[in-house]
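Asker: got a predicted structure here, sequence first:
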Amino acid sequence: MKSLKHLQPSNWNIPLNSNLYDAEINRNNPTAIIIMIDQSGSMGFSTQKYKGETKSYSEIVAEMVNELLNELIGRCTKSEGVRDYFDICVLGYGGQSGDKANVLWEGNLKGETWVSISKLKSNALFEKRIVSKSIRGNTKMVEENVPYWFKSVANYGTPMGNAFQMANKLLKEWIKNNHEDSYPPVVINVTDGVQTDCDEVQIVEEAKKVQSLNTKDGNVLVLNCHISGEGEQVLFPLKDNELPSDQYSKRLFEMSSIMPSTYDFDISNLRTDADVFQNYRGMAFNANMDALFNFIDIGTSGATQKLIR
């Protein structure tokens, strides 16, 4: 493994010679994923084409995250059953309240915070949806029962600061609950705009507080994805000079973690870099929905590579 000394914050109490982001993930030592979703009113107004249909950002992100949850169940399902490799929490900010974040689980999971993979599988809700399927080499549209755990909502403002505060609290408790040796948790934040509940300095501080949390294997990773149908896309920048000159993109850069070297190869492929670099930043700017899918996939890939089969 390449040296990760460049990742160490000044207030980190882990020795410099540690091998970081290398812990095995198994049923006795799971990791955690928090997905934070902007559910503000603008997420319902903006639209893009997704799988041949024009849908709102809110609908697309909800569909995509539900698909991710179902995929994680598949990755954790073995011949003897489901292995609880992950604890998952999905937070929405806006949507249900203009000033705070909420856990989004519906059905039997409503009121829960962290949900294990086996609990996720046994409490899925289902809806009929027309999906494309490849049948004997031919693509056909068929009706299927598709699992979901929450639906899209788009209302109010963008209390992103409160969402980071809630993620901070949940992760502190999770780490203290016998997870000090775990692979570090990942937080993926998906938004289409600026926070409405705090100023520019405060939102960076809240994100950095989450980044400062750590297990013995490394700091919590915070990835931020700004989605948009306009402007040049920037994915996993190495330096902030790759970004537009506006303050919002620079702020998102500050709010995002430097990615560990275990992610470097996948990121360089996504960016089509000539070489594999280090110090990619965990952010995307002006991402379309294809880029958002790839961003989320890479954001969880470091953890899934560490699963014990």
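Answerer: Great, that's in hand.
Asker: now do the strands in the stretch 101-250 of the chain.
Answerer: Assigned strands in the stretch 101-250 of the chain, in chain order: 115-116, 125-135, 138-148, 186-191, 214-215, 218-219, 221-227, 234-235 (criterion: DSSP state E, counting those that start in this stretch).
Asker: ok, and what's touching the helix or strand containing Gly302?
Answerer: Here Gly302, judged by DSSP states H and E, is contained in helix 289-304. The contact list for helix 289-304, computed with C-beta atoms under 8 Å, 6 or more residues apart in numbering, reads 21, 25, 31, 33, 35, 48-50, 60-61, 64-65, 68, 72, 75, 86, 183, 186, 188, 190, 221, 223, 225, 227, 233, 235-236, 260, 262-263, 266-267, 270, 282, 284, 287. Quick note: C-beta positions are derived from backbone N, CA and C, even for glycine.
Asker: repeat the analysis, applying 6 Å as the threshold.
Answerer: In this structure, residues lying in contact with helix 289-304 by C-beta atoms under 6 Å, 6 or more residues apart in numbering are 31, 48, 50, 60, 68, 75, 183, 186, 188, 223, 225, 227, 233, 262-263, 266, 270, 284.
Asker: that one: how far from the chain's middle?
Answerer: Distance of helix 289-304 from the chain centroid (C-alpha atoms, centre = their mean, to the nearest Å) equals 8 Å.
Asker: picking up where we left off before, which of the contacts of helix 289-304 are buried? Put it as a ChimeraX command.
Answerer: Buried members of those can be picked out in ChimeraX with the line below, counting by 16 or more other C-beta atoms under 10 Å:
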select :31,48,50,60,68,183,186,188,223,225,227,262,263,266,270,284
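Asker: next, the contact list for Lys250, please.
Answerer: Counted by C-beta under 6 Å, 6+ apart, Lys250 has contacts Asp240.
Asker: would you list the phi and psi of Val65?
Answerer: Here is the backbone geometry of Val65 (degrees, to the nearest 10): phi -70, psi -40.
Asker: would JSON lines of the strands of the stretch 101-250 of the chain with distance to Asp246 be doable?
Answerer: Below are the strands of the stretch 101-250 of the chain laid out as JSON lines (distance: least, C-beta to C-beta, whole Å):
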{"stretch": "strand 115-116", "distance to Asp246": "37"}
{"stretch": "strand 125-135", "distance to Asp246": "38"}
{"stretch": "strand 138-148", "distance to Asp246": "35"}
{"stretch": "strand 186-191", "distance to Asp246": "15"}
{"stretch": "strand 214-215", "distance to Asp246": "31"}
{"stretch": "strand 218-219", "distance to Asp246": "28"}
{"stretch": "strand 221-227", "distance to Asp246": "11"}
{"stretch": "strand 234-235", "distance to Asp246": "12"}
